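1. fold the following, please.
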Amino acid sequence: MPVQTVQATRRRRTLAASEPFAALPPLRPAQEALLKRWLAAHVGSRQWQTLLEMAGRDQLELAEELRVVLLEAGALCVKEQFIAGQWQVDTIVWADVPTLQAALGLRSAAERDAERDAALQALRAMADTWPWAVSAVQSCLQARLPLAVVQARRGLLDALVLWRQEQRFGLRRDFALQARRHTKAITAAEWDWLDAHLPLQDFGIARFAPLLWLGGQLTLATDAGRIEVGTLGFCAVPMQALESARVPVAPQRYWLIENRASFERQAASVDAGTCVVWLPGQPPSDWLAAVARLLDLAPAPCAISCDPDPAGIAIALRAGALWSERSLAWEPQHMALKDWAAVATTALNDFDHATLAQLEARSDLPDALRQLCADLRAAGRKDEQEGWV
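-> Residues are numbered from 1 along each chain as shown. Reported below is the predicted structural model:
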């Protein structure tokens, strides 16, 4: 449609289409992509220089063409200034930002506000459910954060819930891999936010080199000397050190204990010939590799003690697979109904029931653990091993 001057002075004028805006004209893919960038902000007018900078040097001609096409369609009007003997574009004014955004498949300001409110409401519900999340949630509610930031932080808190439910333990890269499928996907600013509001170490998310906690009877020999891991009750061995270590005499058996307090208590009084190993929740790849190396150096059968709950069964299976892969015997210990029925205090939740169903569907589930699944379902309750191991 024709373009006309709708307002003018000696130094300023406004150009607009002769008819009201009705619909976007057909656009080439590159034009549409640029227009989406221009309309991402919910503002009625923009400085032309700002829009040119958004286009970049390689698309200046495309930006000029797009402005002309949109002006002729009535999608915008152009404010110009008379400078150095010629009219120069100063500002563009959009005809109808929500309508233009809808035509391009962009969310309007109202839609984005509704999404943001929903995300904040979900965070409030999380704080009501998980007391440990209160400080992190309040930090999001007190700041006027962009929607993308709110959603990203909520996603990290959701990942922490799952991490805790599955009783996981590992380095920060392990948590990042679970949360966002890449070990470096959590930004430094996000780690700072998590550190400021949550005790990540208490959540089993470690910052430093991974350690294998050992107790009881085991000798590790290196070119620099020998270590009796049970001399002081228990000790932490850098997992990397096992790559060059030797075990002169294999233990008679290994005993893997999930609960940290139980591990420390048993390491101080374990029977001769037993090497006690702390089994972190949902053992990470570093731990699995270190224990695999230890088994290759000194093979022996194993007993595994985990919390008598669905997550504990899954942890025992993952650790026990290291022994199965080497045709070594392993069995659960202190996980049967007689060990925990009198002290079970926590009701199974929806996550527990879903995990039980997945476990019972596995063909490789040992009979003792299959029976534990049935006992847990019948009792409707679970507990932590610290009460009796």
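2. only C-alpha atoms from now on, for both contacts and neighbour counts.
-> OK.
3. so which residues of the stretch 51-200 of the chain form strands?
-> In the stretch 51-200 of the chain, the strands defined using DSSP state E, counting those that start in this stretch lie at 76-83, 86-94, 170-171.
4. so, low pLDDT: which residues of the chain?
-> 1, 344, 387-389 (pLDDT under 70).
5. circling back: so which of the strands of the stretch 51-200 of the chain is nearest residue 314?
-> Taking CA to CA, strand 170-171 is the member of the strands of the stretch 51-200 of the chain nearest to residue 314, at 16.2 Å.
6. on that earlier part again, make JSON lines out of the strands of the stretch 51-200 of the chain and add mean neighbour count.
-> Shown next, in JSON lines, are the strands of the stretch 51-200 of the chain (neighbours: other CA atoms under 10 Å):
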{"stretch": "strand 76-83", "mean neighbour count": "20"}
{"stretch": "strand 86-94", "mean neighbour count": "18"}
{"stretch": "strand 170-171", "mean neighbour count": "22"}
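7. need those in JSON lines with distance to residue 6, can you?
-> Putting those into JSON lines (distance: least, CA to CA, whole Å) gives the following:
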{"stretch": "strand 76-83", "distance to residue 6": "9"}
{"stretch": "strand 86-94", "distance to residue 6": "13"}
{"stretch": "strand 170-171", "distance to residue 6": "64"}
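8. go through those and name the closest to residue 309.
-> The nearest among the strands of the stretch 51-200 of the chain, by CA to CA, is strand 170-171 at 20.3 Å.
9. who does the closest one pair up with?
-> strand 205-206 (parallel) (DSSP bridges).
10. so which residues make contact with the strand it pairs with?
-> Contact partners of strand 205-206, identified using CA atoms under 8 Å, 6 or more residues apart in numbering, comprise 169, 170, 171, 172, 175, 200.
11. I'd like to know which of the residues you listed is nearest to residue 189.
-> Of all the contacts of strand 205-206, residue 189 sits closest to residue 172, with 14.0 Å by CA to CA.
12. what's the burial count for the closest one?
-> Per other CA atoms under 10 Å, the neighbour tally for residue 172 reads 20.
13. again with residue 85
-> Residue 85, neighbours per other CA under 10 Å, totals 6.
14. and it, backbone torsions?
-> In terms of degrees, to the nearest 10, the main-chain angles of residue 85 are phi 80, psi 10.
15. so what's the nearest residue to residue 376 once chain neighbours are set aside up against?
-> Spatial nearest neighbour of residue 376, excluding adjacent residues (CA to CA, 6 or more residues apart in numbering): residue 382 at 6.6 Å. Counting by CA under 8 Å, 6+ apart, residue 382 touches 308, 309, 344, 345, 346, 347, 348, 376.
16. list the beta-bridge partners for residue 382.
-> Beta-bridge partners, per DSSP bridges, of residue 382: residue 346.
17. how much space between it and residue 341?
-> Using CA to CA, to the nearest Å, one gets 8 Å for the distance from residue 382 to residue 341.
18. centre of the chain versus stretch 64-84, how much separation?
-> 45 Å (CA atoms, centre = their mean, to the nearest Å).
19. three-state assignment of residue 277?
-> Assigned with DSSP: H, G, I helix; E, B strand; the rest coil, residue 277 falls in the strand class.
20. how near is it to residue 150?
-> Distance from residue 277 to residue 150, by CA to CA: 40 Å.
21. contacts made by the helix or strand in which residue 374 is found with the rest, please.
-> Using DSSP states H and E, residue 374 sits in helix 367-379. For helix 367-379, the surrounding residues in contact (CA under 8 Å, 6+ apart) are 308-310, 313, 332, 335-337, 353, 356, 359-360, 382.
22. please pick the buried ones from the residues you listed.
-> 308, 309, 310, 313, 332, 335, 336, 337, 353, 356, 359, 382 (16 or more other CA atoms under 10 Å).
23. of all pairs in the residues you listed, which one spans the longest distance?
-> Farthest pair in the buried ones among the contacts of helix 367-379 (CA to CA) is 332 and 353. Separation: 20.6 Å.
24. against residue 127, how distant is the residue lying closest to residue 190 once chain neighbours are set aside?
-> In space, and not counting its chain neighbours, residue 190 is closest to residue 153: 7.7 Å by CA to CA, 6+ apart. Applying CA to CA, the value for residue 153 to residue 127 is 13 Å.
25. in terms of neighbours, single out the busier of those two.
-> residue 153 (20 against 17).
26. list the contacts of residue 108.
-> 42, 98, 101, 102.
27. buried residues in stretch 141-149, which are they?
-> Buried-residue list, stretch 141-149, by 16+ other CA under 10 Å: residue 147.
28. quick revisit: could you dump the contacts of strand 205-206 into JSON lines and include distance to residue 29?
-> Below are those laid out as JSON lines (distance: CA to CA, whole Å):
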{"residue": "169", "distance to residue 29": "47"}
{"residue": "170", "distance to residue 29": "45"}
{"residue": "171", "distance to residue 29": "44"}
{"residue": "172", "distance to residue 29": "41"}
{"residue": "175", "distance to residue 29": "39"}
{"residue": "200", "distance to residue 29": "46"}
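29. out of those residues, which comes closest to residue 264?
-> Nearest to residue 264 among these, with distances taken as CA to CA, is residue 169, at 17.1 Å.
30. list the contacts for the residue nearest to that closest one when sequence neighbours are not counted?
-> In this structure, residue 169 finds its nearest non-sequential neighbour in residue 204, 4.4 Å apart by CA to CA, 6+ apart. Contact analysis of residue 204 by CA under 8 Å, 6+ apart lists 168, 169, 170, 171.
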